[in-house]
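can you look at this prediction? I've put the sequence above it.
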Amino acid sequence: MNSKPGNQTKLVCSSFLFCGVVLINLFAAQIDAQRSRSRWQTLSGDAPRVIARGGFSGLLPDSSVDAYNLATQTSVAEVVLWCDVQLTKDGVGICFPDLNLANASTVQYAYPNGQKSYPVNGVTTQGWFTIDSTLRDLQNVALIRGILSRSDRFWREREITINI
């Protein structure tokens, strides 16, 4: 065995390096064992939260009863339904996707003289608003697709969804 100082330094460095590699492998194995074996690739390993909002690509109007039913029937068990609540004149909350009822309903046909102006975020906005109508008034109004650039080929009217 050669006892030159350079060889001993190399042996100590090699031993130190070897021990470091062994420790890293031990820690990596322990961390891997602690990882979740869940099939969900979320940070917690739990099932993802699904939040359903809106219609179904022009087939179902946003916030319609049918859109909510479709979401609950085709999604995960604990789906969360998103509702943009608008209050009526009589204090009832309804699900409607916009402040202006004309943007996604047939209100302008049911009440052609019901248009009003209100300041919305500092801008005077004309339209039909839920605060001017009672729940009974809205019984005559149907939901339509809110994005008018979509084809009306699959469009169907739906009743306004009421959440009390």
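It's in.

okay, the one helix or strand N69 maps to in PDB with CA atoms only?
For N69, the host element (DSSP states H and E) is helix 65-74. Output of helix 65-74 as PDB, limited to C-alpha atoms (Å, rounded to 0.1, in the frame of the first residue of the first chain):
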ATOM      1  CA  VAL A  65     -81.500  24.800 -15.200                       C
ATOM      2  CA  ASP A  66     -80.400  22.400 -17.900                       C
ATOM      3  CA  ALA A  67     -76.800  23.700 -17.900                       C
ATOM      4  CA  TYR A  68     -76.600  23.100 -14.100                       C
ATOM      5  CA  ASN A  69     -78.200  19.700 -14.400                       C
ATOM      6  CA  LEU A  70     -75.700  18.700 -17.100                       C
ATOM      7  CA  ALA A  71     -72.800  19.800 -15.000                       C
ATOM      8  CA  THR A  72     -74.000  17.700 -12.000                       C
ATOM      9  CA  GLN A  73     -74.700  14.700 -14.100                       C
ATOM     10  CA  THR A  74     -71.500  14.600 -16.100                       C
END
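
so who does the closest residue to A47 other than its chain neighbours touch?
Spatial nearest neighbour of A47, chain neighbours left out: W40 (5.4 Å); criterion: Cβ to Cβ, 6 or more residues apart in numbering. Heads up, the C-betas are built off the backbone N, CA and C, glycines and all. Residues counted as contacts of W40 (Cβ atoms under 8 Å, 6 or more residues apart in numbering) are 46-48.
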